[in-house]
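Enquirer: generate coordinates for the sequence data below:
(2 chains)
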Amino acid sequence: MPQRVLSIRIDGELVSTTEGKTILEAARASGKYIPTLCYLEGLSAVGACRLCIVQVAGIDRLLPACTTPVQNGMSVTTKSPKLAEYRRIAVELLLVERNHVCAVCVSNGHCELQAMACSLGVTHVRYPYDYPKLPVDMSHERFVLDQNRCILCTRCVRVCAEVEGAHVWEIISRGIQARLVSELNQAWGDAASCTNCGKCVQACPTGALSEKGHAVEEMVKRNDNISALAVWRGVEA
Amino acid sequence: MKRITIDHVTRIEGHAKITIHLDDAGHVANTQFHVTQVRGFEKLTEGRPYYEMPGITARICGICPVSHLLASSKACDAIMAIRVPPAGQMLRDLLHCAQIVQSHALSFFYLSAPDLLLGMDSNPEKRNVLGLIEKHPELARDGIELRKFGQQVIESLAKERIHPSWVVPGGVNAPMAREVRDQILATLPQANAIAGRTMDLFKSKIEGFPEEIAYFGSAPTMYAGMVDAEGNLRLYDGKLRFRGADGTIVQDQIAAEQYADFIAEAAQRDSYLKAPYYVPEGFPRGVYRVGPLARLNAADRCGTPRADRELEEFRQRFGRVAHSSFLYHYARLIEIIHALERMEMLLHEPKILESHVRAKAGVNALEGVGMIEAPRGTLIHHYKVNDEGAIVWANLIVATGHNVLAMNKSIQQVSQHFVNGNKLEEGMLNRVSAVVRAYDPCLSCSTHALGQIAMRIQLVGPEGELLDDLRSE
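Expert: Numbering: from 1, shown residues only, chains lettered A, B, ... in the order given. Okay, the predicted model is just below:
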């Protein structure tokens, strides 16, 4: 059955889309930019990072564009001083939660979190840093998990489960205690289900997952091929 | 008992204070040099992958990050048990020479030349690099040009002047382009000319400092510096030599991994800086100096013609082993000439343009030591890792540390000669600061006193009452 065509307004501009699409998909299809961090095209959307928040006319709370389906006649605002402020807050909270020391990070210069902070104008952080003492898991032969740089976007969890089908990664605990763990919380090197494919590393937006032996600034990632593969396989929920 | 405190010492890198204790007659009884900050890099790097260490430890210092990068990368090379490809070795060496030039130029022109050319007793408001620009514009311009040359070479090789990520465990991460080599070769003659001019000027002025030469830490000590198998001065690679105050070689060809057999560190009660000493002599008898003067004392020769000619003249004037710490300035200028000559030599090596500049490997040894002659002296990085490559233990012996015992001695000697506790004069306390400056200590990573003298000296009586307070702002 053909999908129903819907009309919505994005920043005042009339856009045609189809039923079942999210606001983010409709916006991207019409060339509109909405910032994202946890979203990776081809993987299921989880609305974890809250950077894609938008204003929808008639609704007084902000909605994540990546998980909100379009409705006919919807009027969406993607840019406003209020949204810019809340997006900056979201990035600042990510920065205070862990130890994101850009200068000595393997992903310095190639990091989506860093790029996002720059593009949103995060010149300082208004909250006190948490400085948690977090481990680095170097047990895997080829890869490294540095909890200090993890933003819990779960791209690795999803790419492993949805594309590779190995489901090595999971999140344990809740709130500020939440941590990325491999295979029932054992060392990554001991995870028998890991196929060493490295998709999680490429999908990771920061220096949390990296290839071993890359010095500071050397970890350059590519996730366009992951998206292409995921879309081709029709992974998207 | 009265006490004079110089807090903080200006025109050095980092924070330090000096306490001078006076006896009842107002004579200097004792002195103490305190480093007033703690960094904690050895602790905070625990658990990090070893290959991140060059990037992290380079942040110890903004003046000579290249030295830490290289020492750290050498320690990582040892953990990987690899041999750096020839081009990688030469490029690291070249980068290091540029670092020596820019750092020595900073020390000589920006930090110490105001004392040397404007006078130890000159108006403290003008006794800084800005005063120097006013009074000796050509010299100041030379200083800026020479430092710029060093910094630009670093930038052209490593992409960034401060904290570049070009030096990596196993070598460097990109070869040198032919144009970069040609560009450096084209700017070398100007740098050489500046170094030569400055050397001539300094030699013409040195006669004006007989007292400083005589009393600026002229107590004999041992000297340590890296040399090759023939005894030539080596800055990037080589083995450590200790030469005694009488000129005999005490110990020679100490490889990086053997350092702990000869150098140990004593914790001090009133300073965050540990005091390294020569193990066979024990603490505190095993005092030795490192840095430009120590290197020239330790080595037989520089191994490059122009620097060797200058060294020959230097030794004719001050003896085979020169003890006065005032001569660190002289030695620094000789080393600038040497570093420029070595750069030229390296740039003419055809192999330096080869594209194979990095060896790759995982963890092949659980321990690694990297040793290098940083501008201020021997720098040692020592790491231990677990099977996975995470740092479990680190020890850094930073150049300035080696000198701390000698610096204490020098401060005492200068104070005893120049300070009269019954009447404080700014100039005499400046000499106490100047002897510290002669060592060019890098106590952390920054100078905070550009353009002004922020010095305060308090004279406190036996009952704790303030007798005199000298403040210059």
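
Enquirer: what about residue B:393, which SS state?
Expert: Secondary structure, DSSP: H, G, I helix; E, B strand; the rest coil: residue B:393 is strand.

Enquirer: and it, how far from residue A:90?
Expert: 39 Å (Cβ to Cβ, to the nearest Å). (C-beta placed from N, C-alpha, C; glycine too.)

Enquirer: those two - which one has more neighbours?
Expert: residue A:90 (20 against 13; other Cβ atoms under 10 Å in any protein chain shown).

Enquirer: contact partners for the more buried one?
Expert: A:49, A:50, A:51, A:53 (Cβ atoms under 8 Å, 6 or more residues apart in numbering or on different chains).

Enquirer: give me the residues contacting the one helix or strand residue A:27 maps to.
Expert: For residue A:27, the host element (DSSP states H and E) is helix A:23-29. Under the criterion Cβ under 8 Å, 6+ apart, residues A:8, A:10, A:15, A:17, A:21, A:33-34, A:36, A:39, A:45, A:52, A:54, A:56, A:63, A:65-66, A:68-70, A:74, A:76, A:78 lie in contact with helix A:23-29.

Enquirer: what mean pLDDT does that helix have?
Expert: Mean pLDDT, helix A:23-29: 96.

Enquirer: same question, stretch B:51-59
Expert: For stretch B:51-59, the per-residue pLDDT averages 93.

Enquirer: who touches that stretch?
Expert: The contact list for stretch B:51-59 (Cβ under 8 Å, 6+ apart) reads A:103-104, A:106, A:212-217, B:41, B:45, B:48, B:65-66, B:68-69, B:71-73, B:75-76, B:163, B:165, B:167-169, B:381, B:383, B:389, B:391, B:394, B:396, B:445.

Enquirer: nearest to chain B: which residue in chain A?
Expert: In chain A, the residue that lies nearest chain B is residue A:216 (3.1 Å; Cβ to the nearest Cβ).

Enquirer: domains of chain A?
Expert: As assigned by automatic domain parsing, chain A contains the domains A:5-79, A:88-228.

Enquirer: indicate which one of those is closest to residue B:324.
Expert: Closest to residue B:324 of the domains of chain A, according to Cβ to Cβ: domain A:88-228, at 40.1 Å.

Enquirer: related to what we said a few turns ago, name only those of the contacts of stretch B:51-59 that count as buried.
Expert: A:104, A:106, A:212-217, B:45, B:48, B:65-66, B:68-69, B:71-73, B:75-76, B:163, B:165, B:167-169, B:381, B:383, B:389, B:391, B:394, B:396, B:445 (16 or more other Cβ atoms under 10 Å in any protein chain shown).

Enquirer: helices - which of the residues you listed land there?
Expert: Among those, DSSP state H puts B:65, B:66, B:68, B:69, B:71, B:72, B:73, B:75, B:76 in helices.

Enquirer: tell me which residues touch residue 206, please.
Expert: As the question left the chain open, I've gone with chain A. Applying Cβ under 8 Å, 6+ apart, the residues near residue A:206 are A:100, A:105, A:107, A:111, A:112, A:113, A:114, A:149, A:150, A:151.

Enquirer: can you look at chain B instead?
Expert: Taking Cβ under 8 Å, 6+ apart, we find residue B:206 in contact with B:213, B:330.

Enquirer: same question for residue A:226.
Expert: A:40, A:42, A:159, A:163, A:199, A:202, A:203.

Enquirer: and residue B:102, by the same measure?
Expert: Contacts of residue B:102 (Cβ under 8 Å, 6+ apart): B:146, B:147, B:149, B:150, B:151, B:154.

Enquirer: then the helix or strand of chain A with the lowest mean pLDDT to CSV, C-alphas only?
Expert: Using mean pLDDT, DSSP states H and E, helix A:224-233 stands out as the lowest-scoring helix or strand of chain A, at a mean of 88. Only the C-alpha atoms of helix A:224-233 are listed here, as CSV (Å, rounded to 0.1, in the frame of the first residue of the first chain):
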residue,chain,number,x,y,z
ASP,A,224,29.4,6.7,6.0
ASN,A,225,30.0,3.1,4.9
ILE,A,226,28.3,1.9,8.0
SER,A,227,25.3,3.9,7.2
ALA,A,228,25.3,2.7,3.6
LEU,A,229,25.5,-0.9,4.7
ALA,A,230,22.8,-0.4,7.3
VAL,A,231,20.4,1.3,4.9
TRP,A,232,21.1,-1.3,2.3
ARG,A,233,20.2,-4.1,4.7
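
Enquirer: any idea which residue sits dead centre in the chain?
Expert: I went with chain A, as the question did not name one. Centroid check for chain A by Cα atoms, centre = their mean gives residue A:38 as the closest residue, at 1.3 Å.

Enquirer: hm, I was asking about chain B
Expert: Nearest to the geometric centre of chain B sits residue B:376, at 1.1 Å (Cα atoms, centre = their mean).

Enquirer: do you know how far that residue is from residue A:66?
Expert: In terms of Cβ to Cβ, residue B:376 sits 54 Å off from residue A:66.

Enquirer: can I assume residue B:264 sits in a strand?
Expert: Yes - assessed by three-state DSSP, residue B:264 belongs to a strand.

Enquirer: list the contacts for it?
Expert: B:276, B:277, B:279, B:283.

Enquirer: hmm, the second one is touching residue B:286, no?
Expert: Meaning residue B:277. Yes - at 3.7 Å, residue B:277 and residue B:286 qualify as touching, with contact defined as Cβ atoms under 8 Å.

Enquirer: residue ranges with poor pLDDT in chain A?
Expert: Along chain A, the model assigns pLDDT under 70 to residues A:1, A:235-237.

Enquirer: which residues of it lie near chain B?
Expert: A:103-104, A:106, A:108, A:135-136, A:138-139, A:144, A:189, A:212-218 (Cβ under 8 Å from any Cβ of the partner chain).

Enquirer: now with 10 Å?
Expert: A:99, A:101, A:103-106, A:108-109, A:133-142, A:144, A:146, A:148, A:187, A:189, A:207, A:210, A:212-218 (Cβ under 10 Å from any Cβ of the partner chain).

Enquirer: now the strands for chain A?
Expert: A:5-10, A:13-18, A:53-56, A:63-64, A:75-77, A:136-137, A:143-146, A:169-172, A:179-182, A:209-211 (DSSP state E).

Enquirer: now do the second one: which elements does it pack against?
Expert: In terms of contact count using 3 or more Cβ pairs under 10 Å, 6 or more residues apart in numbering or on different chains; DSSP states H and E, strand A:13-18 is assigned the packing partners strand A:5-10, helix A:23-29.

Enquirer: now do the buried residues in the last one.
Expert: Spelled out, it's helix A:23-29. A:23, A:24, A:25, A:26, A:27, A:28.

Enquirer: ok, now stretch B:184-196?
Expert: Applying 16+ other Cβ under 10 Å to stretch B:184-196 flags B:184, B:188, B:191, B:192, B:194, B:195, B:196 as buried.

Enquirer: which one among the residues you listed gets closest to chain A?
Expert: Using Cβ to the nearest Cβ, those come closest to chain A at residue B:184, 23.4 Å.

Enquirer: and the pLDDT at the closest one?
Expert: pLDDT, read off for residue B:184, is 97.

Enquirer: spatially nearest residue to it (excluding sequence neighbours)?
Expert: residue B:153 (5.5 Å; Cβ to Cβ, 6 or more residues apart in numbering or on different chains).

Enquirer: ok, now which ones touch whichever residue of the stretch 251-400 of chain B sits closest to chain A?
Expert: Nearest residue of the stretch 251-400 of chain B to chain A: residue B:388, at 3.9 Å (Cβ to the nearest Cβ). Contacts for residue B:388 (Cβ atoms under 10 Å, 6 or more residues apart in numbering or on different chains) come out as A:136-141, A:144, A:187, A:189, A:212, B:49-50, B:362-363.
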